[in-house]
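**Student:** I'd like to go over a predicted model; first the sequence, then the structure.
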Amino acid sequence: MASTNAGRQGFTLIELLVVIAIISIIAGLVIPAVSMAREKANILHCTNNLQQIYAFALGYSEKDGVGSFPLGAGKSPRAHESLNELIASEPEGLTADLFVCRSSDATEAKPDIDGKLVLADENLSYAWLSRKLKNSAVNKIIASDKYVGGYEDEAGSHFGHKGVNALYTDGSVKFLKPSQLPPDTLLPEGLER
């Protein structure tokens, strides 16, 4: 007598659909968690970069009685111009990757012909002071991420976090949400891109 169900092989359509539904539910739970973890890691990376830049900027301010953080020439110099002042005075230890946050659209600066690092607007993820500030100032922001994600200006839409890491004169970094920033610039007051 022959069996009508001899050695059943494969899945039925219903079983296959149930497995796909389970995988979809799991992916729906895991993917947002992975994205949030990646963003938190990027925020920490940028925080670390800002704190390292602060250590060099503090050294600059204490060198030769300067007493203030680096500032480029002219009125309200661009951030890269001011940080180029820092690089010129402290070339050892300042690397191109220190000035790039993973969440931004900045690219790493390449050394010039003489092997010196020179920043340009596209090689810097951070905003910097627009005016002279003494290193003894209390509770003032000296740097932050350059853009909140989705910020639009004449250059287009920019990448970034859902807020900015703000570096204070005491070396601490706090994450500020867009609601804590001026709505027209989404940049802490006193800073320049």
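**Tutor:** Cool, the structure landed.
**Student:** count of residues packed around residue 137?
**Tutor:** With neighbours defined by other CB atoms under 10 Å, the count for residue 137 comes to 14. Heads up, the C-betas are built off the backbone N, CA and C, glycines and all.
**Student:** run through the protein and note the low-pLDDT ranges.
**Tutor:** For the chain, the stretches with pLDDT under 70 are 1-8, 64.
**Student:** elements contacting the helix ranked longest in the chain?
**Tutor:** When the chain is parsed with DSSP state H, its longest helix is helix 13-62. Where contact means 3 or more CB pairs under 8 Å, 6 or more residues apart in numbering; DSSP states H and E, helix 13-62 is packed against helix 79-89, strand 126-129, strand 141-145, strand 164-168, strand 173-176.
**Student:** angle of it against strand 164-168?
**Tutor:** 20 degrees (axes from the mean of the first three to the mean of the last three CA atoms, to 10 degrees).
**Student:** nearest to residue 25, out of the helices and strands packed on helix 13-62?
**Tutor:** Closest approach to residue 25 among the helices and strands packed on helix 13-62 (CB to CB): strand 173-176, 31.5 Å.
**Student:** list of residues touching the helix or strand just after that closest one?
**Tutor:** Remark: after strand 173-176, the chain's next helix or strand is strand 191-192, criterion DSSP states H and E. Contact with strand 191-192 is made by 76-79, 82, 127-130, 141-144, as judged by CB atoms under 8 Å, 6 or more residues apart in numbering.
**Student:** for residue 56, see how far away residue 26 is.
**Tutor:** From residue 26 across to residue 56, the span is 45 Å (CB to CB, to the nearest Å).
**Student:** no no, residue 79
**Tutor:** From residue 79 to residue 56 the distance is 15 Å (CB to CB).
**Student:** more neighbours: these two, which one.
**Tutor:** residue 79 (24 against 19).
**Student:** does that one really touch residue 125, like I thought?
**Tutor:** No - with contact defined as CB atoms under 8 Å, residue 79 does not reach residue 125; the gap is 9.5 Å.
**Student:** shared neighbours, these two?
**Tutor:** residue 146.
**Student:** closest to residue 34 out of the helices and strands packed on helix 13-62?
**Tutor:** Ranking those by proximity to residue 34 (CB to CB) places strand 173-176 first, at 20.1 Å.
**Student:** what's the neighbour count on residue 87?
**Tutor:** 21.
**Student:** could you pull up the contacting residues of it?
**Tutor:** 94, 116, 117, 118, 119.
**Student:** does the nearest residue to the second one once chain neighbours are set aside count as helix, strand or coil?
**Tutor:** Translated: residue 116. What sits nearest to residue 116 in space, not counting adjacent residues and going by CB to CB, 6 or more residues apart in numbering, is residue 91, at 6.6 Å. Following DSSP: H, G, I helix; E, B strand; the rest coil, residue 91 is assigned to coil.
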